[in-house]
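# Below is the sequence, then the predicted model.
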Amino acid sequence: VHPRVEGLAPGTEHFYRFVVGPQTSPVGRFVTLPAAGSAADDFTVGLISCQAWYHGHFAAHRHLAQEEDLDLTVFLGDYIDRGPDSAGILSRLRTLAWREPESVTCLMGNHEQMMLEAYRDPHGASTWLSNGGRQTLRSFGITGPEAFPPDVLTWLSYLPTVHEDAAHYFVHAGFRPGRT
């Protein structure tokens, strides 16, 4: 699901939910940025949400992550299963995260989690395979999740699901305070 939302008032709280077939997501919440010229904290964040990476957007994300005036760049997950170059995308992200560990954070998305679960139990891989997993296997040149390169599996396994600092809490998808 990739909604495009425009025309929201600045500095306002919004709630959303996705409904696809019989599935309904938890309610999500976000606040739009303050109006231009309004006072804002002096912390600059580059936030990269899950995208259709294969359309060439990764170059823009890489440039954003290399901006010198950014204090932090957070990639929110779903780097795989979105086109023919999942292997290349993971390679570029890993390199970027290793080069800039203090300013680049990559979070695990649900597609990375599904892939790891498929690796751990190939007999239960059908959910992942039907959600883009076949494209990811092809991009690695393999036929099953058991053949993923160990370094890729290790990197994905250690991705956090949240990133938190004194003023921000980043997650891949919906977050409900008080629930674990």
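Arrived safely, thanks for sending. Numbering: from 1, shown residues only.
# so where's the protein uncertain?
Counting by pLDDT under 70, the chain contains low-confidence residues at 1-4, 25-31, 33, 39-71, 166-167, 174-180.
# Kindly recompute the last result at 80.
1-6, 11-21, 23-72, 82-83, 100-103, 165-169, 173-180 (pLDDT under 80).
# measure the residue of the chain positioned farthest from its centre to E13 for me?
Among the C-alpha atoms of the chain, the one most distant from their mean position (Cα atoms, centre = their mean) is that of G37, at 29.9 Å. Plainly put, G37 is 20 Å away from E13 if you go by Cβ to Cβ, to the nearest Å. (Each C-beta comes from the backbone N, C-alpha and C, glycine too.)
# Now the longest helix along the chain: buried residues?
Of all the segments of type helix in the chain, defined by DSSP state H, the longest one is helix 86-99. For helix 86-99, the neighbour count (16 or more other Cβ atoms under 10 Å) marks 86-87, 89-90, 92-94, 96-97 as buried.
# tell me which strands and helices it is in contact with?
Other helices and strands packing on helix 86-99, by 3 or more Cβ pairs under 8 Å, 6 or more residues apart in numbering; DSSP states H and E, are helix 58-65, strand 104-106, helix 134-140, helix 150-157.
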